[in-house]
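1. Return a 3D structure for these sequence lines:
(chains A and B)
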There are 2 protein chains.
Amino acid sequence: MDISKKKARPKAITPRGFRDNFHSYLNKRDKVLEVVKRVYELYGFERLETPAIETVDALGKFLPDINRPNEGVFAWQDENDSWLALRYDLTAPLARAFSQHRNNLQIPYKRYGFGPVWRNEKPGPDRFKEFYQFDADIVGTSNVIADAEMCFIVFDVLNELGFSIGDYSTRISNRKILSGLIQAVKLTDDTVLRDIELVVFRAIDKLDRLGLEGVKSLLGKGRTDNSGDFTEGANLSAGQIDTIISFLTIKNNDPHKTLEEMEDLIGDSTIGQEGLSELRNIAETLLTKGRSDLLFKIDPSVVRGLAYYTGPVFETELATTTKSLGSISGGGRYDNLVSRFTGQKVPSTGVSIGIDRLVSFLHERDSDHEKGVVDVIVTVMDKNLMQHYIKIAADLRENGINTDLYVGNPKDFGKQMKYADMRGASFAIVAGTNEVEEDIVQIKDLKLGRELSANISSNEEWKEQPAQFPVKREVLVKKIIELLRT
Amino acid sequence: MDISKKKARPKAITPRGFRDNFHSYLNKRDKVLEVVKRVYELYGFERLETPAIETVDALGKFLPDINRPNEGVFAWQDENDSWLALRYDLTAPLARAFSQHRNNLQIPYKRYGFGPVWRNEKPGPDRFKEFYQFDADIVGTSNVIADAEMCFIVFDVLNELGFSIGDYSTRISNRKILSGLIQAVKLTDDTVLRDIELVVFRAIDKLDRLGLEGVKSLLGKGRTDNSGDFTEGANLSAGQIDTIISFLTIKNNDPHKTLEEMEDLIGDSTIGQEGLSELRNIAETLLTKGRSDLLFKIDPSVVRGLAYYTGPVFETELATTTKSLGSISGGGRYDNLVSRFTGQKVPSTGVSIGIDRLVSFLHERDSDHEKGVVDVIVTVMDKNLMQHYIKIAADLRENGINTDLYVGNPKDFGKQMKYADMRGASFAIVAGTNEVEEDIVQIKDLKLGRELSANISSNEEWKEQPAQFPVKREVLVKKIIELLRT
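-> Here you go, the predicted model:
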């Protein structure tokens, strides 16, 4: 069955925007996931895992780049012509799952979930089409304490990961205030209000990336990007744009003052006032946390890209003394996402931590302490002694020692030693007929060998060094355990 | 932004063949994954994670049900009309990844990987379109010791999961022997040999499900299933079918005798002899393990469904005294999968453990010992004391106690207690204005409360019981830690 001859060779390459992850990165990711999980459980959340695939109907269309041809998701038609898609976040599936299982769930339903999500968007050097999110959500409460807890939980996760107060900061705002502002600048053709709102929200969400001028274009006639693609704008008047820009640039370290300045701009809009009151409540709750001045600020330019947010929104940025990681988590309230399914109002809030950026940073920061998988490699001196080597490997493994039995072609012993070295093993076990007759094995200390070979030039000298020594077969396991401890 | 009014409500339902998983199931799965990971690392494997999405070209077409219209995979065309698909196993992506990164990998490359895979096949009560696999592979060796290690590793995993010798058994065979047999029965029209081989292999692979008569039909003219679907057969003659059936029904507890009987049927076919010799070597290695008579048997009917296997194949069945779980792992050698990409022969072998079936079983077996996420629930007696409750929750969490602060509507206190009960919390903290003034909190022992309320009828009696008692605020954390320990 020689498959290779059948046709032209496939390319050995991940699709564009995807990548493979290797051991030490994944080890680090496991540690981060473990920490986040522990913190989320401390807050009383329980786990829910939804499938990777949902119906397109259930997911809804809430992605920022909804206007692009493929709408940012990976979707296809099944054999009955219904559309299926890979989840683009963990929130839309949660709303589906809650609605499906609501009769068996306690309300408020506090769940956490993590895993990959997929977006069919333009990839970049640090931007992949498959990425890991870790979400916490509370479904079924309008209490803004729930929103405040979403911020607390991120602080606690970052502390547990070894970041310090001052390394991170959460910016909070509320979409209702922005809706109020839009009313105040008199975009009051009711039928199109929601659509204009979304265009305005999305323009503002690009502030980080495009700067104030970019946002101005998107609030006005539109904007042509570097690749020549044109994005239609909100077509607001210069005066309307000015008011919105003044609002966005309100910056004050005192949250109360920021709230006052926001209030001045939105006037008496009911929805705006509602948003202000919610924001005030959350701010007050956050202020109870020690050094809260460092932990958060009210920032009217926070809006978040996803269309389903209805009220409080927040995002956390991370910048250590050595590196800025940008936004590593975001969330907000989505009071209408469940009602899409049930028709009943089920107010909800949630937060999502972007795991990959955190892991990359920690992977870099802590890479010195990484250790290979393999402790010991059992080499093959003589093919006829294979059963002997298998038994040695089994004994070591039974005692919790990660042991690689060399299963490549054993002919070239030098190649085996090179392999042992490449895998970062600490010790190699060597036993030929002589050793078996004497009931001993040779232990090669590969770490010491590596250090010595860095300093010693001739082969003669090398042999005199104690990097290899015999032990009785029956004490091998005990000896290796001892050696690994030191 | 009332999304719900825009159009007809989407259905709150997972697509057919998919499911949501909840906390205690996932907890159990984590434990199983942890065990498998630990054992695989003991054997010196290191982790590799490939993306969910690959090009259809890279995945190749190796699924058993290749003849169905959608070919068993979830696939779609991207914006450049190239075909992408969700991985249907972890082996095809490994071959792609190894080929892509081979210059940076040690050979033999020992990797493990786990995660969901997706198959667009008919779902059943215990058969989902998304399921978890945990694979170990050794790429770049033709040494059959590597295949034997694949069997050992599964034994060790099952032992670590608490199964006993006798609960499981591995059946092994070798596809080359079957190829030899097919040569022996003179299907020697060389051009179609490979295609006929695959049809024969797949017919045999259905032995468990369809029985001998079903396999006979598939080796002959074909078979109509219960739903009326017709599967074309291999169109062998009655004599040819008889020889194959005699081969498949060779059963002998002594592996050496089984090997002899197999040899009698395949005659002097070179490939058949090669397969026999490999099988003999693996059997001899497995025989070195204690009680090997219970651990494995040679069974000529093992063939495995995937088209990429070229030599040794094996699968492990699990049957405890209470339940048969069927096949929970399978694998084999795939010597041509990497050469599809590189043109160079890179012999390889691997094993895959089906995680879901194991987890379901253990979840059922160990469900008595399950504990809810929440230790303590902090109730809300008085909305104005919210900051007080937040502080209590923060103190408990800082001390490692899983604490749920009630964030639903606090008006109905009875509802809060019901919620606490439903979440399986051990204690509830209650504090109103009086308690705050006296600097105390009430601890309700919910577990004791549940036991008492099962035995006591009147409200009066209930109140006299010590299921609720006050403690000083400053010793609350200490007291709860004490109580949780007992």
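2. any idea how far stretch A:168-183 is from the chain center?
-> 25 Å (C-alpha atoms, centre = their mean, to the nearest Å).
3. any idea of the mean pLDDT in it?
-> Summarised as a single mean, pLDDT over stretch A:168-183 is 92.
4. Buried residues in stretch A:376-394, which are they?
-> Residues A:376-381, A:385-386, A:388-390, A:392-394 are the ones in stretch A:376-394 that count as buried (16 or more other C-beta atoms under 10 Å in any protein chain shown). Backbone N, C-alpha and C define where each C-beta goes, glycine included.
5. ugh, typo on my part, it should be stretch A:214-226
-> Those would be A:214-220, A:223, for stretch A:214-226 by 16+ other C-beta under 10 Å.
6. And stretch A:229-242, by the same measure?
-> Residues of stretch A:229-242 classed as buried: A:231, A:233-234, A:236, A:240-241 (neighbour count, 16+ other C-beta under 10 Å).
7. So it, near chain B or not?
-> No. Stretch A:229-242 does not reach chain B (C-beta under 8 Å from any C-beta of the partner chain); its nearest approach is 13.8 Å.
8. In strands, which of the buried residues of stretch A:214-226 appear?
-> Under the assignment DSSP state E, the buried residues of stretch A:214-226 contribute A:Arg223 to strands.
9. Just the ones in helices from the buried residues of stretch A:214-226, please.
-> A:214-219 (DSSP state H).
10. and those as CSV, adding distance to chain B and pLDDT?
-> CSV is the format used below for those (distance: C-beta to the nearest C-beta, whole Å; pLDDT from 0 to 100):
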residue, distance to chain B, pLDDT
A:Gly214, 24, 93
A:Val215, 21, 94
A:Lys216, 24, 94
A:Ser217, 24, 93
A:Leu218, 19, 92
A:Leu219, 19, 92
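11. wait, which of the residues you listed is closest to A:Cys151?
-> A:Val215 (25.2 Å; C-beta to C-beta).
12. I figured the closest one hits A:Ile245, correct?
-> Yes. Contact criterion C-beta atoms under 8 Å: A:Val215 and A:Ile245 qualify, at 7.5 Å.
13. what's the most distant pair in the buried residues of stretch A:376-394?
-> So, the buried residues of stretch A:376-394 by C-beta to C-beta: farthest apart are A:Met381 and A:Ala394, at 18.0 Å.
14. Now do the strands for the stretch 251-400 of chain A: every range, in order, please.
-> A:296-298, A:312-319, A:324-333, A:348-354, A:376-378 (DSSP state E, counting those that start in this stretch).
15. Low-confidence regions, the stretch 201-350 of chain A specifically.
-> A:291 (pLDDT under 70).
16. What residues does it have near chain B?
-> A:285, A:288-289, A:307-308, A:310, A:336-337, A:339-343.
17. Kindly present the ones in helices among the buried residues of stretch A:214-226 as TSV, with separate columns for distance to A:Ile440.
-> Below are these laid out as TSV (distance: C-beta to C-beta, whole Å):
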residue	distance to A:Ile440
A:Gly214	73
A:Val215	75
A:Lys216	80
A:Ser217	79
A:Leu218	77
A:Leu219	81
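18. Name the nearest of these relative to B:Val199.
-> The nearest one, if we look at those relative to B:Val199 and count by C-beta to C-beta, is A:Leu218, at 59.8 Å.
19. And the closest one, how far from B:Glu49?
-> Note on A:Leu218: its distance to B:Glu49, by C-beta to C-beta, to the nearest Å, is 38 Å.
20. With A:Tyr43 instead?
-> Look at A:Tyr43 and B:Glu49: by C-beta to C-beta, they are 28 Å apart.
21. Just list the residues touching whatever residue of the stretch 301-450 of chain A ends up closest to chain B, thanks.
-> Of all residues in the stretch 301-450 of chain A, A:Asp404 sits closest to chain B, at 2.9 Å by C-beta to the nearest C-beta. Counting by C-beta atoms under 8 Å, 6 or more residues apart in numbering or on different chains, A:Asp404 touches A:374, A:376-378, A:393, A:420, A:423, A:425, B:43-44, B:110.
22. on that earlier part again, between the buried residues of stretch A:214-226, which sits nearest A:Ala8?
-> A:Arg223 (42.9 Å).
23. Verify the stated contact: the closest one with A:Asp229.
-> No. In this structure A:Arg223 lies outside contact range of A:Asp229 using C-beta under 8 Å: 9.2 Å.
24. Quickly list the domain ranges of chain A.
-> For chain A, automatic domain parsing gives the domain ranges A:13-142+A:335-367, A:164-327, A:371-485.
25. which of those sits most buried?
-> Of all the domains of chain A, domain A:13-142+A:335-367 has the most neighbours on average by mean count of other C-beta atoms under 10 Å in any protein chain shown, namely a mean of 20.
26. Could you pull out the helices in the stretch 201-350 of chain A for me?
-> For the stretch 201-350 of chain A, the helices defined by DSSP state H, counting those that start in this stretch occupy A:207-219, A:238-248, A:255-266, A:270-286, A:292-295, A:339-342.
27. So what touches the helix or strand hosting A:Arg111?
-> Per DSSP states H and E, A:Arg111 falls inside strand A:109-118. The contact list for strand A:109-118, computed with C-beta under 8 Å, 6+ apart, reads A:33, A:36-37, A:40-41, A:43-50, A:52, A:73-74, A:86-90, A:94, A:98, A:102, A:129-140, A:355, B:52-53, B:404.
28. would a markdown table of the buried residues of stretch A:229-242 with distance to A:Val475 be doable?
-> Output for these, formatted as a markdown table (distance: C-beta to C-beta, whole Å):
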| residue | distance to A:Val475 |
| --- | --- |
| A:Thr231 | 73 |
| A:Gly233 | 78 |
| A:Ala234 | 78 |
| A:Leu236 | 82 |
| A:Gln240 | 84 |
| A:Ile241 | 81 |
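29. which of those sit farthest apart?
-> Most distant of these, by C-beta to C-beta, are A:Thr231 and A:Gln240, 18.3 Å apart.
30. before we move on, the earlier item: joint contacts of A:Val215 and A:Ile245?
-> Residues touching both A:Val215 and A:Ile245 (C-beta under 8 Å, 6+ apart): there are none.
31. circling back: quick check: the farthest pair among the buried residues of stretch A:214-226?
-> Among the buried residues of stretch A:214-226, A:Gly214 and A:Gly220 lie farthest apart (C-beta to C-beta), at 10.9 Å.
32. and the longest helix for chain A?
-> In chain A, with assignment by DSSP H, the single longest helix is helix A:23-42.
33. Can that one be said to contact chain B?
-> Yes. Using C-beta under 8 Å from any C-beta, helix A:23-42 reaches chain B at A:23, A:26-27, A:41-42.
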